[in-house]
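Participant: sequence plus predicted model, see below.
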Amino acid sequence: MRRKFLAGNLKMNGCLSSICELVDAITTRSKNFHDCDVVILPPYLYLNEVSLLLEKSHLSLGSQNICQFNNGPYTGEISAQMISELGCDYVLIGHSERRNFFLETNNHILEKVKRALENNLTPILCVGETMEERAAGQTENIIMDQISSTHDYIGISQQEKIIIAYEPIWAIGTGKAASENDVQDVLSSIRRNLETTGDSVTLIYGGSVNPENAQAIFEQADVDGGLIGGASLDEKKFVELARLLQEV
């Protein structure tokens, strides 16, 4: 079922004290926001501490990544079961930085989605195109290929549990967000192509979202929320984004 959804991806930023201070400030400032789901995605090492801070709030906890395997000799990896035991409800999968820096493929991402669903985690599946692909008119084909490489291998009931985050690669960390019309066009095409689940799936946008451009994006008919990077490191900006989303 579609719902308003905002996720703060803290990436590999901060230290224990600064992350706890940030999350505490966000929970304090967002006590009146009950009409949208708000999720914090801290670095792995701080999941437990953030979980404790969120216990008495209506905010949820998520992980930035998981391993595609259940367990075994995979040095440095973290399993879906492990993050579930730490209180995570959500997990980010297929972020463009994972695809780019760690060479994650659609097959890796499919396996991660399966592991998440097996452990009752809600996957936030990231999809997006490069500027070259956009210029070549390949945006829809690229994105639907990324989605179908996962959705074609799981049941419809499982598909409905996945949140899809459109994050054009050219907008990540650049300060250049896609226009609200571009965002709407892409999310509309995703709904249209997902014939069975399109009306019920939650679709969000990520890519240089800030309080100045968020309202125009959130007002689009097929936009259910945002995946926030840089602005999530500023509690005032992040809470303002939650307020804007709630009031749309």
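Facilitator: In hand now; what should we look at?
Participant: got the end-to-end distance for stretch 39-53?
Facilitator: 13 Å (C-alpha to C-alpha, to the nearest Å).
Participant: could you pull up the residues touching residue 143?
Facilitator: By C-beta atoms under 8 Å, 6 or more residues apart in numbering, the contact set of residue 143 is 127-129, 166, 186, 189-190. (Each C-beta comes from the backbone N, C-alpha and C, glycine too.)
Participant: mind checking pLDDT for it?
Facilitator: For residue 143, the model assigns a pLDDT of 97.
Participant: now stretch 6-13: average pLDDT?
Facilitator: On average, stretch 6-13 scores 98.
Participant: residues of that stretch that come out buried?
Facilitator: For stretch 6-13, a neighbour-count test (16 or more other C-beta atoms under 10 Å) marks 6-11 as buried.
Participant: go on, stretch 195-211?
Facilitator: Residues of stretch 195-211 classed as buried: 197, 201-211 (neighbour count, 16+ other C-beta under 10 Å).
Participant: got the residues you listed as a markdown table, with secondary structure, pLDDT and distance to residue 222 columns?
Facilitator: Below are these laid out as a markdown table (DSSP: H, G, I helix; E, B strand; the rest coil; pLDDT from 0 to 100; distance: C-beta to C-beta, whole Å):
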| residue | secondary structure | pLDDT | distance to residue 222 |
| --- | --- | --- | --- |
| 197 | coil | 92 | 13 |
| 201 | coil | 96 | 10 |
| 202 | coil | 98 | 10 |
| 203 | strand | 98 | 6 |
| 204 | strand | 99 | 10 |
| 205 | strand | 97 | 10 |
| 206 | strand | 96 | 15 |
| 207 | coil | 93 | 16 |
| 208 | coil | 91 | 19 |
| 209 | coil | 95 | 16 |
| 210 | coil | 96 | 21 |
| 211 | coil | 97 | 21 |
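Participant: residue ranges of the strands in the protein, please?
Facilitator: Under the criterion DSSP state E, the chain contains strands at 5-9, 37-41, 60-63, 90-93, 122-127, 163-166, 203-206, 225-228.
Participant: any idea which of these is most buried?
Facilitator: Scoring the strands of the chain by mean neighbour count under mean count of other C-beta atoms under 10 Å gives strand 225-228 as the most buried, with a mean of 28.
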